[in-house]
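Participant: Show me how the following folds:
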Amino acid sequence: MSTRFKAVVGLSAVVIAVLGGLAWYLGIFASEEEAASVSQVAAILQNETGDQTASEEPLSDLTGTWQVQPSDATFVGYRVKEVLASVGDFTAVGRTAEVSGTLVAEGLTIRSVSVAADLSALRSNSRGRDNQLRQQGLETDTFPDASFELTSPIDIGSIPTAGEVFTTTAVGDLTVHGETQSVEVSIDSTVEGDRLVVVGRMDIVMSDFGITPPSAPVVASIEDQGIMEFSLVFGR
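Facilitator: Okay, the predicted model is just below:
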């Protein structure tokens, strides 16, 4: 075996090792987080409570003030397509469980909703991506807070029965990166025992909020448009 051939083989091994390490660091081979659904959230809640929700008295109305509850099913996050150099297309998914908020209802009408999320706690399958978002893109070191305020009441008509999903559009003000825009958010909701489950998503154009997509040597491109998604569990 020639010295040159050995050198080529050795260099190839180093490159493969480096790329493999980089892929692990970026989370390239990790499975993508599944988009939340009310059925998925209901299953998580039943697991957390030991299926005790089945014995809860059915709700007759929503009257009262509801608070976001800590749960494995509660999060606010993003879903953005990115192209990694020499590797291919991937969907980056990041979520934060640091969410607080209130929902005020009267009978079957939701009068107000106020939700806040700590974006500095966003976590994806890549520590490198998470660290970059502190200084680039969302710039969470500078703009850690995101919020949503409902601006139009929502009339749900009737309380969803077990397994039934109520679908509507919520209109409100979304604040991200220090910019506030009026938005329409598609939401699915249901009642699980004595808790109200709300799952939603909306397309978001980063430039509308003054966000410049982050860049890195291993990232060929990141789309200007992404998806904001959330899963919220409310309790009175």
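Participant: Can you show me the strands along the protein?
Facilitator: For the chain, strands defined by DSSP state E occupy the ranges 64-68, 75-84, 88-96, 99-106, 109-118, 145-150, 154-155, 166-176, 179-192, 195-205, 219-222, 225-235.
Participant: Ok, which of those comes nearest residue 136?
Facilitator: Closest approach to residue 136 among these (C-beta to C-beta): strand 219-222, 9.9 Å. Any C-beta I mention is one placed from the backbone N, CA and C, and that applies to glycine too.
Participant: Mean confidence (pLDDT) on the closest one, please.
Facilitator: If you average the pLDDT over strand 219-222, you get 53.
Participant: picking that back up, show me the one of the strands of the chain that comes nearest residue 42.
Facilitator: Of those, nearest to residue 42 by C-beta to C-beta is strand 179-192, at 4.9 Å.
Participant: List the buried residues of that closest one.
Facilitator: Neighbour-count burial for strand 179-192, with 16 or more other C-beta atoms under 10 Å as criterion, is recorded at 183, 185, 187, 188, 189, 190, 191, 192.
Participant: go on, stretch 150-165?
Facilitator: Buried, per 16+ other C-beta under 10 Å, within stretch 150-165: 150, 154, 156, 159, 160.
Participant: how far does that stretch sit from the chain's center?
Facilitator: The chain centre lies 22 Å from the centre of stretch 150-165; the measure is C-alpha atoms, centre = their mean, to the nearest Å.
Participant: average pLDDT for that stretch?
Facilitator: Stretch 150-165 comes out with an average pLDDT of 88.
Participant: Tell me how many other residues surround the closest residue to residue 150 other than its chain neighbours.
Facilitator: The shortest distance from residue 150 to any non-neighbouring residue, by C-beta to C-beta, 6 or more residues apart in numbering, is to residue 113 (3.8 Å). Other residues within reach of residue 113, judged by other C-beta atoms under 10 Å, total 23.
Participant: Low-confidence regions, the protein specifically.
Facilitator: Counting by pLDDT under 70, the chain contains low-confidence residues at 1-33, 50-58, 82-88, 214-223.
Participant: please redo it, this time with the cut-off set to 90
Facilitator: For the chain, the stretches flagged by pLDDT under 90 are 1-61, 70-72, 80-92, 125-129, 131-133, 136-137, 157-164, 191-195, 206, 211-226.
Participant: Look up which residues are beta-bridged to the residue nearest to residue 232 when sequence neighbours are not counted.
Facilitator: Leaving aside its sequence neighbours, residue 232 sits nearest to residue 198 (C-beta to C-beta, 6+ apart; 4.7 Å). Beta bridges link residue 198 to residue 189, residue 232 when assigned by DSSP bridges.
Participant: where's the residue nearest to residue 150 relative to residue 145, distance?
Facilitator: For residue 113, the distance to residue 145 (C-beta to C-beta, to the nearest Å) stands at 16 Å.
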